[in-house]
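[1] below is the sequence, then the predicted model.
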Amino acid sequence: RCVWFLSNPGGRSHGAAHDMFLEGHNNGDIFESSAGRLTMLLQGTFRDNPFLDSDYMNTLKSATRNDPTKQAMWLDGSWHLLGGSLFGSVYSNDNAVRWFPDSSFYNQEDWKFTLGYDDGQASPAWCGLFAEARTMTRGPDDQTYRKGSIVLVAEFCTARPDDRTKGDYSTTKDIAKGICRMCADWYDVRRFGYGDPMIFKADGHEQTLGHLFVDNGVTIEPASSRARVPGWSILKQYLANAQPVGRRHDGDPALYVTEAAAPHEVWELKNAMPSPKNPDDTDGSDHSLDGTRYYLGSEINKGGGVEVYDFWTGLRTI
């Protein structure tokens, strides 16, 4: 039996198709699929279609002339590049750090630890543990960070192992327990942060989800009501400010990610595609990005605002 799947890299299903068929496999490999069937990976491109002429290639080049990475994806059928993703132009290896869970973190007092939370049941719930440098200081990786720089230290996520876009229906109590474990494992820090304002709506019940979190050891405050697109601008700027190892004390405050401890955030940063209805907004799974946006927007509001570069309208103060 032969089944063909038609899909282009760089679309909203890029991450799902990559996870299901391509991760860990090379063209021509035979492997057992998640359904238990033997599968052969045979990738093709438009060049394999004898009915397409050079005009089609020129059309692809024209459509991607402002995004050379996406052009390479479409011309060569590569699923390992990041062209077309909303954050692909600003997220790089410079954002990756190697923090580790060690309660003896010697200069922990130089860092402020705060949570960012996005709620979900059918969709994944996600909580990130963020550390902001109170002054120019060192992290557990022995790198120097500028005052105001932020590290996503770790995450707790209820995404299903077989589909990162769907949640496992964990209860609020189970989610709170997972967050408490994360905070205990990573430096035993406070369990306080900002989350989706929707969890504070009573909807006819005596307790909100926010109250349930408090009852189970986690304090979540309503996040700033900042709109999505300005929030993405802030996130983009912090990502773009990242410096390579050895230069992390230079320039403006940046956002770094402990990739080994926050794989869902990394996956969404690499696979969040622009919405066809609003190219400045995301399309598809963005739960960790929302949690990050809630954290960044709320902390900036407390600090009285920050000037960031809006990638679509130029410099502006938000």
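    Received it, and whenever you're ready, just let me know what you need. Numbers count the residues shown, from 1 in each chain.

[2] quick one, helices of the stretch 101-250 of the chain?
    Applying DSSP state H, counting those that start in this stretch to the stretch 101-250 of the chain gives helices spanning 172-185, 209-215, 228-240.

[3] give me the mean pLDDT for the last one.
    For helix 228-240, the mean per-residue pLDDT is 93.

[4] after that helix comes which helix or strand?
    Past helix 228-240, further along toward the C-terminus, the next helix or strand under DSSP states H and E is strand 255-258.

[5] the helix ranked longest in the chain vs helix 228-240, what angle?
    Scanning the chain for the longest helix, with DSSP state H as the assignment, gives helix 287-302. Counting by axes from the mean of the first three to the mean of the last three CA atoms, to 10 degrees, helix 287-302 lies at 90 degrees to helix 228-240.

[6] what about helix 287-302, distance to the chain center?
    12 Å (CA atoms, centre = their mean, to the nearest Å).

[7] contact partners for Thr39?
    Thr39 sits next to Phe21, Ile30, Phe31, Glu32, Ser33 when contact means CB atoms under 8 Å, 6 or more residues apart in numbering. Heads up, the C-betas are built off the backbone N, CA and C, glycines and all.

[8] show me the contacts for the second one.
    Residues near Ile30 by CB under 8 Å, 6+ apart: Leu38, Thr39, Met40, Leu41.

[9] residue ranges with poor pLDDT in the chain?
    Residues of the chain that meet the criterion pLDDT under 70 lie in 1-6, 10-16, 18-20, 23, 34-35, 79-84, 103, 204, 225-226, 300-318.

[10] grab the most central residue of it for me.
    Glu265 (3.0 Å; CA atoms, centre = their mean).

[11] that older thread, could you dump the helices of the stretch 101-250 of the chain to TSV with distance to Phe156?
    Output for the helices of the stretch 101-250 of the chain, formatted as TSV (distance: least, CB to CB, whole Å):
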stretch	distance to Phe156
helix 172-185	4
helix 209-215	13
helix 228-240	20
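
[12] now render the ones you listed as CSV, adding mean neighbour count and distance to Leu115.
    Listed next are these as CSV, based on neighbours: other CB atoms under 10 Å; distance: least, CB to CB, whole Å:
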stretch, mean neighbour count, distance to Leu115
helix 172-185, 18, 7
helix 209-215, 18, 10
helix 228-240, 20, 16
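
[13] what's the closest of those helices to Ser78?
    helix 228-240 (22.5 Å; CB to CB).

[14] so which elements touch that closest one?
    strand 255-258, helix 287-302, strand 307-310 (3 or more CB pairs under 8 Å, 6 or more residues apart in numbering; DSSP states H and E).

[15] in its sheet, what does the first one sit against?
    This means strand 255-258. According to DSSP bridges, strand 255-258 forms sheet pairs with strand 96-97 (parallel), strand 150-157 (parallel).

[16] quick one: those as TSV, columns for distance to Ser89 and mean neighbour count too.
    Compiled in TSV, the strands paired with strand 255-258 are given as follows (distance: least, CB to CB, whole Å; neighbours: other CB atoms under 10 Å):
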stretch	distance to Ser89	mean neighbour count
strand 96-97	16	18
strand 150-157	19	24
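
[17] for the helix or strand containing Asp55, the distance to its chain's centre please.
    Taking DSSP H and E as the definition, Asp55 sits inside helix 54-63. In terms of CA atoms, centre = their mean, the centre of helix 54-63 is set 32 Å apart from its chain centre.
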